[in-house]
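Undergrad: Provide a 3D model corresponding to the input given below.
(3 chains)
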Amino acid sequence: MREQKYVVNNIDSFELKDIFECGQCFRWNKELDGSYTGIFKNNVINVKKENNKVIFEGICKDNIKEEIEEYFDLKRNYKKIKEELSKIDNNMKISIEYGQGIRLLNQDLWETIISFIISANNNIPRIKGIIEKLSKTYGKKIEWKGKEYYTFPTPKELSKATVKDLRSLGLGFRDQRVYETTKLVFTNQIDLNKLKEEKESKKIKETLLKMPGVGPKVADCILLFSTLKYLNVFPVDVWVRRVMNELYFNLPDETKLKRQQIENLAVQKYGNLAGLAQQYLFYWKREA
DNA sequence: CTGCAGGGGTAAA
DNA sequence: TTTACCCCTGCA
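TA: Numbering: from 1, shown residues only, chains lettered A, B, ... in the order given. The predicted structure follows:
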């Protein structure tokens, strides 16, 4: 654990608001000066943007450059991806202009699984609050600049929580689901390391769906927002469904096209970049 | 101030 | 295919 700093000059496709408020993550908070501070793995990092320069600094266990490049997906060529997607249709073009600074974070698989189980039928402020309480209660404390931060609990750490404990932290009906899934992973009935080695997203999804609280939408979010990083999935929630029906079918009635149909259409339309297409569309329509 | 709908879904009927 | 679900917030 040491204080480190890493600066990237002339960065492309990187806007703090687009990255942290497009709905992919729950542990980054805006500071008074406009920068963001967040926790991932055993790192506490503050990110600040000045013109085309991005400054990362904070407490980092390993080499900060490598940690940042991995987490912020810095090795992927977003410029090229955006050019490709923009050619598909006008909706894509407009939404990409709007969210040009989006990057999909490579978040810890375990944390992403639990976070999105908690996200079911829930809103972002409350999801963030619950995850914060889980971390404060079962995670490890890291201090930086006089403030306390807490790492997301490991399967072992979280396995100490009873269903009742979880309920008291405000998880509501999701308590049982988090409890059961934690048990599955902690006891190695589902091995996350093996899951990472699997090559086909279909196979991984199959396994993810065995976890209580993980349905088709949550599974797709895990595939897209974690280190698994499968860009060929298209998570369909009520917003995406509404947007897709409106944009491509001019149907105000969101019950017209069903979840699976929309997913099929999207994969057909956006191919192996469907996941990113979803983020641009969703962010654009939700903010506007 | 009280009451009520609805929220980045899932599981069970 | 439909419905309840915990909790919190916004708004009549």
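
Undergrad: C-terminal to the helix or strand hosting A:Leu223, what's the next element?
TA: Following DSSP states H and E, one finds A:Leu223 within helix A:216-225. Counting by DSSP H and E, the next helix or strand C-terminal to helix A:216-225 is helix A:238-249.

Undergrad: What about contact with DNA strand C: does that following helix have any residue there?
TA: No: on the criterion C-beta under 7 Å from any atom of the strand, helix A:238-249 is out of touch with DNA strand C, staying 11.7 Å away. (C-beta placed from N, C-alpha, C; glycine too.)

Undergrad: by contact count, what packs against that helix?
TA: helix A:259-270, helix A:274-287 (3 or more C-beta pairs under 8 Å, 6 or more residues apart in numbering; DSSP states H and E).

Undergrad: Dump the first one to CSV, restricted to CA.
TA: Extracted as CSV, the C-alpha positions of helix A:259-270 are listed here (Å, rounded to 0.1, in the frame of the first residue of the first chain):
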residue,chain,number,x,y,z
ARG,A,259,-36.8,-8.6,-24.1
GLN,A,260,-35.5,-11.5,-26.1
GLN,A,261,-36.6,-10.1,-29.4
ILE,A,262,-34.8,-6.8,-28.7
GLU,A,263,-31.6,-8.7,-27.7
ASN,A,264,-31.7,-10.6,-31.0
LEU,A,265,-32.3,-7.5,-33.0
ALA,A,266,-29.4,-5.7,-31.3
VAL,A,267,-26.9,-8.5,-31.8
GLN,A,268,-27.9,-8.7,-35.4
LYS,A,269,-27.6,-4.9,-35.9
TYR,A,270,-24.5,-4.2,-33.8
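
Undergrad: Am I right that A:Phe186 is in contact with A:Glu157?
TA: No: using C-beta atoms under 8 Å, A:Phe186 is not in contact with A:Glu157, being 9.4 Å away.

Undergrad: care to break chain A down by domain?
TA: Domain assignment for chain A by automatic domain parsing gives A:2-75, A:78-103+A:231-288, A:109-126+A:156-225.

Undergrad: could you give the mean pLDDT of the second one?
TA: Which is domain A:78-103+A:231-288. The average of the pLDDT scores along domain A:78-103+A:231-288 is 89.

Undergrad: same thing with the longest one?
TA: What domain A:109-126+A:156-225 shows for mean pLDDT is 96.

Undergrad: what's the span of it, first residue to last?
TA: Start to finish, the residues bounding domain A:109-126+A:156-225 are 9 Å apart (C-alpha to C-alpha, to the nearest Å).

Undergrad: Is that domain positioned near DNA strand C?
TA: Yes: if you take C-beta under 7 Å from any atom of the strand as the test, domain A:109-126+A:156-225 does meet DNA strand C, through A:121-123, A:125-126, A:167, A:170, A:172-174.

Undergrad: Just among the residues you listed, which is most surrounded?
TA: Within these, neighbour counts (other C-beta atoms under 10 Å) peak at A:Arg174, which reaches 23 neighbours.

Undergrad: Contacts only, for the residue nearest to it when sequence neighbours are not counted.
TA: Computed as C-beta to C-beta, 6 or more residues apart in numbering, the closest residue to A:Arg174 that is not its neighbour in sequence is A:Ile118, at 5.6 Å. By C-beta atoms under 8 Å, 6 or more residues apart in numbering, the contact list for A:Ile118 reads A:127, A:130-131, A:171, A:174, A:178.

Undergrad: okay, among these, which ones form the most distant pair?
TA: A:Ile127 and A:Val178 (12.3 Å; C-beta to C-beta).

Undergrad: more neighbours, these two?
TA: Neighbours were counted for A:Ile127 and for A:Val178 using other C-beta under 10 Å; A:Val178 has more, 24 against 18.

Undergrad: how about the more buried one, secondary structure?
TA: What DSSP: H, G, I helix; E, B strand; the rest coil gives for A:Val178 is helix.

Undergrad: Check A:Ile59 too.
TA: strand.

Undergrad: Can you check what pLDDT the model gives it?
TA: The model's pLDDT for A:Ile59 equals 97.

Undergrad: Now do it against A:Glu132, distance only.
TA: Note on A:Ile59: its distance to A:Glu132, by C-beta to C-beta, to the nearest Å, is 18 Å.

Undergrad: State the helix or strand in which the residue of chain A found nearest DNA strand B lies.
TA: Of all residues in chain A, the one sitting closest to DNA strand B is A:Gly23 (0.7 Å; C-beta to the nearest atom of the strand). Of the helices and strands defined by DSSP H and E, none includes A:Gly23.

Undergrad: Having no further points to raise, I will conclude here.
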